[in-house]
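>>> sequence and predicted model, in that order:
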Amino acid sequence: MLELINIYKTFNACSLSEVKSLVNFSLKINKGDFVTVIGTNGSGKSTLQNIISGTISPDSGSILIDNANVTNWREDKRASLIGRVFQNPFTGTAPGMTIAENLALAALRGKIRGLRWALRKKLVAQMKEKLSTLKMGIEDRLDAPVGTLSGGQRQAITLLMASWLEPKIFLLDEHTAALDPKSAEKIINLTKEIVESRKLTTLMVTHSMQQAANLGNRLIMMHRGRLVRDIQGEERNRLKTDDLLNMFEELRLLEQLDESAAEMLQENYI
Amino acid sequence: MTLLMGAFSMGIILSFLALGVYISFRIFNFPDITADGSFAAGGAVAATLIAAGISPLIATVAGILVGMLAGAITGIIHTKFKINGLLSGILVMTAFYSINLHVMGKSNIPLISCATLTTYAEKAASVLFMGRETVEIFGRECYTGDIGVLAAGLLFAALAAILLYWYFRTNLGSAMRATGDNPQMILALGVNTGNMIIIGLAISNGLIGLSGALLAQYQGFADVQMGIGMVVWGLASVIIGEALTGQNSGLGFTITGAIMGSVLFRLLVALALRWGLNPNDLKLITAAFVFIALISPELIKKIKKRNTFPSMSRT
Ligand SMILES: Nc1ncnc2c1ncn2[C@@H]1O[C@H](COP(=O)(O)OP(=O)(O)OP(=O)(O)O)[C@@H](O)[C@H]1O
Ligand SMILES: [Mg+2]
């Protein structure tokens, strides 16, 4: 279970380039929820994930995972609770190390690393088994450097790595955005399979309205660092791609209204 | 033959330096120039202790430890105080110049008539060869003492290579390699990358301190200036090693490559000196060599591109 309470995050405060990335942001996600996150560019979706993972710390507010207050935990400590997949396929794997070595690193996420041989036989056998379920033919290439794989293959491996040890929170940030449509579909199916079969508590950012409408049991929409929509239950089940497009259109109109109002004010008073 | 044997032994002794530089520059992607300080520190501490009558084995271990200390300090300055990596190394290197002078009490300590690891190896060889001073190898006279030193050096280097290979394939060692390869990823997998860098630089500079301690014993003196230019020297060895084994070959190959590169480089230098290269020009030539080696991959790429698209440059 994840709970965010009154999170504020401002970048470059008190300067011309000040950005309020998260404004009084609160959210509670139940165990096993699969939440899709949508919102315009710069609305704070990645910032939200980075705040949860501890990559950046909030200006104020608290973060609770399974009722433990982790706000002051460093990123490497929080990693024991969190599995992450990033937008860029290059971010989630070490290119110069082999597939097996990458997976072995993930098999100890958040655990103490000692002087035992990293590629133990039992672990390697497990890797083969899990990789063969991907049907990408990489189970025979365990000793190949990850840098020799395609973006889709790397993203598939990152998914396996992030979920190797069951994470309390599974964070996915537009993890199919950099892939071609076919690979993206494969990765989405794999994501669905992993999340649903293991009932992972998941927060998935996406720009694909189709993904947002088809996946998960809850959807949130962000705008300018705020939560503007939170749709769950029956309403979420009825949700269609068109509804999502309408939501964005509404936002756009509101925005225009804001702008014209501001212009009017300017004309009248300045 | 003596010249060849000498160059070979020297290359083996400096291969510990090459291994250290390989760890910082290649595994961690960290331009650590602490080496100039830790190399001299290893030599200074070992020589001072040996001159004071302490066992050369203990003195050598002390040389390793002081190198590790220097590396750890650089790592701490860089990770905990967020100072640029290059600058952290410069700070420690500069500080160690004074420290080394204090340790030695003067700028040069001779080790003539002291028992050192070199004299141990020479004695062992003389026992093995039943007291003979020279033996014939490939029809040439060789001093048994030289053979002993070389054999001992090779043994140590092989041991270091095996230990490093094993270490970098353990869970902790792989986390270190990942820290150099993709810090963001390994952080997200729960590894404190700062600590990895501190430990890694300690290991790297421990090897470099060992190299300095061995060199002092081999050449029979320690000099406060003996570390100058050693980073570049080590880098040249690593680059030659990569040329021999291929840059992206496995860990075992690159480690062996660094050792072979060090020996080969020393042999080349010995030959060049023999053919009349002014020793004063040595560092200049080493630097030029590393510079060329660093830019040549890019240059080759550019030339290749030009050749593949000749029409594009014309339009
Ligand atoms: N490290 C940073 N320094 C300064 N500004 C930042 C930083 N990170 C994010 N921002 C700003 O915060 C705002 C929110 O960024 P964020 O990356 O969270 O948006 P996003 O919703 O993920 O957008 P996208 O859909 O483009 O990925 C943006 O205006 C961005 O410029
Ligand atoms: Mg983003």
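Structure's in. What do you need? No experiment lies behind these values; they were computed from the predicted model shown. Residues are numbered from 1 along each chain as shown, chains lettered A, B, ... in the order given. Ligands and ions are numbered 1, 2, ... in the order given.

>>> when you work out contacts or count neighbours from here on, use the C-alpha atoms and nothing else.
Fine.

>>> where along the stretch 101-250 of chain B do the strands fall?
B:108-110, B:134-137, B:140-143, B:221-223 (DSSP state E, counting those that start in this stretch).

>>> how about the stretch 101-250 of chain B: which residue is closest to ligand 1?
residue B:184 (14.2 Å; Cα to the nearest ligand atom).

>>> for the residue lying closest to that residue once chain neighbours are set aside, which residues are in contact?
Closest residue to residue B:184 apart from its sequence neighbours, by Cα to Cα, 6 or more residues apart in numbering or on different chains: residue A:91 at 6.9 Å. Residue A:91 makes contacts with B:182, B:184-185, as judged by Cα atoms under 8 Å, 6 or more residues apart in numbering or on different chains.

>>> and if you look at residue B:24?
B:30-32, B:200-201, B:204.

>>> need the residues of chain A near chain B, please.
A:75-80, A:83-84, A:91-97, A:101, A:104-106, A:108-111, A:113-119 (Cα under 8 Å from any Cα of the partner chain).

>>> ok, whatever residue of the stretch 1-150 of chain B ends up closest to chain A - how many residues close by?
Nearest residue of the stretch 1-150 of chain B to chain A (Cα to the nearest Cα) works out as residue B:27 at 9.9 Å. Using other Cα atoms under 10 Å in any protein chain shown, the number of residues around residue B:27 comes to 19.

>>> so it touches residue B:173, yeah?
No - here residue B:27 lies out of contact with residue B:173, judged by Cα atoms under 8 Å, at a distance of 10.4 Å.

>>> one step back: of all the contacts of residue A:91, which comes closest to residue B:251?
Closest approach to residue B:251 among those (Cα to Cα): residue B:182, at 16.7 Å.

>>> got the contact list for that closest one?
Contacts of residue B:182 (Cα under 8 Å, 6+ apart): A:91, A:93-95.

>>> most neighbours of all these, which one?
Most surrounded of these: other Cα under 10 Å gives residue A:93, at 29 neighbours.

>>> and that residue, how far from residue B:235?
Distance from residue A:93 to residue B:235, counting by Cα to Cα, to the nearest Å: 27 Å.

>>> and for residue B:62?
25 Å.

>>> out of these two, which sits in the more crowded spot?
Neighbours were counted for residue B:62 and for residue B:235 using other Cα under 10 Å; residue B:235 has more, 25 against 22.

>>> so where does the closest residue to the more buried one other than its chain neighbours fall, helix or strand?
Computed as Cα to Cα, 6+ apart, the closest residue to residue B:235 that is not its neighbour in sequence is residue B:21, at 6.4 Å. Using DSSP states H and E, residue B:21 falls within helix B:2-21.

>>> returning to what we had before: among the strands of the stretch 101-250 of chain B, which is the most enclosed?
When the strands of the stretch 101-250 of chain B are scored by mean count of other Cα atoms under 10 Å in any protein chain shown, the highest mean neighbour count falls to strand B:221-223 (a mean of 23).

>>> returning to what we had before: now the strands of the stretch 101-250 of chain B in CSV, with distance to ligand 1 and mean pLDDT?
As requested, the strands of the stretch 101-250 of chain B are exported to CSV (distance: least, Cα to the nearest ligand atom, whole Å; pLDDT from 0 to 100):
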stretch, distance to ligand 1, mean pLDDT
strand B:108-110, 52, 95
strand B:134-137, 66, 79
strand B:140-143, 65, 80
strand B:221-223, 48, 96
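
>>> show me which residues of the stretch 1-150 of chain A are close to ligand 1?
Residues of the stretch 1-150 of chain A found near ligand 1 (Cα under 6 Å from any ligand atom) are A:11, A:19, A:21, A:40-47.
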